[in-house]
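>>> No letters, just coordinates:
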């Protein structure tokens with residue numbers, strides 16, 4: 001019994017849980033707060049899955065800032081006040097209908113820059129299976145201070 005416990009404990013010491021795996025946690029008041037909701041419904045509209053997170057395994061802050069500057073240029077995104085600080089709220093929704101059975105292990109946000117696809121953010125999760133006709137709706141919410 002001790003032989004199994006000691007190697008397992010050693011592995012925990014070698015691979016601590018947390019930001020060492022490249023996870024980024026965002027919070028209101030950071031230079032940018034990112035929140036994503038993933039909603040999957042079947043072809044009949046029945047809710048199959050709801051996931052949400054403010055923690056990302058990939059977060060390209062420079063590319064996101066450029067993306068949000070472009071998105072906000074329309075001037076339709078609200079300004080809110082939290083603790084006497086102004087924040088701009090930018091929310092975008094992506095919808096994808098699956099055409100085959102798949103296993104989905106992350107929610108991704110891409111931007112097209114100069115004809116190249118660029119990963120902006122990835123919310124990695126345990127995964128879920130989908131069938132043809134299932135619809136994923138990803139609601140991305142960004143909150144950034146107004147300067």
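Arrived safely, thanks for sending. In this text, all values refer to a predicted model and were calculated from it rather than measured experimentally. Numbers count the residues shown, from 1 in each chain.
>>> hey, let's count contacts and neighbours off CA atoms from now on
Will do.
>>> show me the contacts for residue 54.
Contact analysis of residue 54 by C-alpha atoms under 8 Å, 6 or more residues apart in numbering lists 25-27, 33-36.
>>> Save the residues you listed as CSV, and put in neighbour count, pLDDT and distance to residue 55 too.
Shown next, in CSV, are those (neighbours: other C-alpha atoms under 10 Å; pLDDT from 0 to 100; distance: C-alpha to C-alpha, whole Å):
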residue, neighbour count, pLDDT, distance to residue 55
25, 17, 78, 4
26, 18, 76, 6
27, 14, 75, 9
33, 18, 87, 10
34, 24, 90, 8
35, 21, 91, 8
36, 25, 93, 9
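>>> Walking through this structure, point out its helices one by one.
Along the chain, counting by DSSP state H, helices occupy 2-14, 61-72.
>>> on that earlier part again, Serialize the contacts of residue 54 to JSON lines and add fields for distance to residue 131.
Shown next, in JSON lines, are the contacts of residue 54 (distance: C-alpha to C-alpha, whole Å):
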{"residue": "25", "distance to residue 131": "31"}
{"residue": "26", "distance to residue 131": "32"}
{"residue": "27", "distance to residue 131": "34"}
{"residue": "33", "distance to residue 131": "32"}
{"residue": "34", "distance to residue 131": "28"}
{"residue": "35", "distance to residue 131": "26"}
{"residue": "36", "distance to residue 131": "22"}
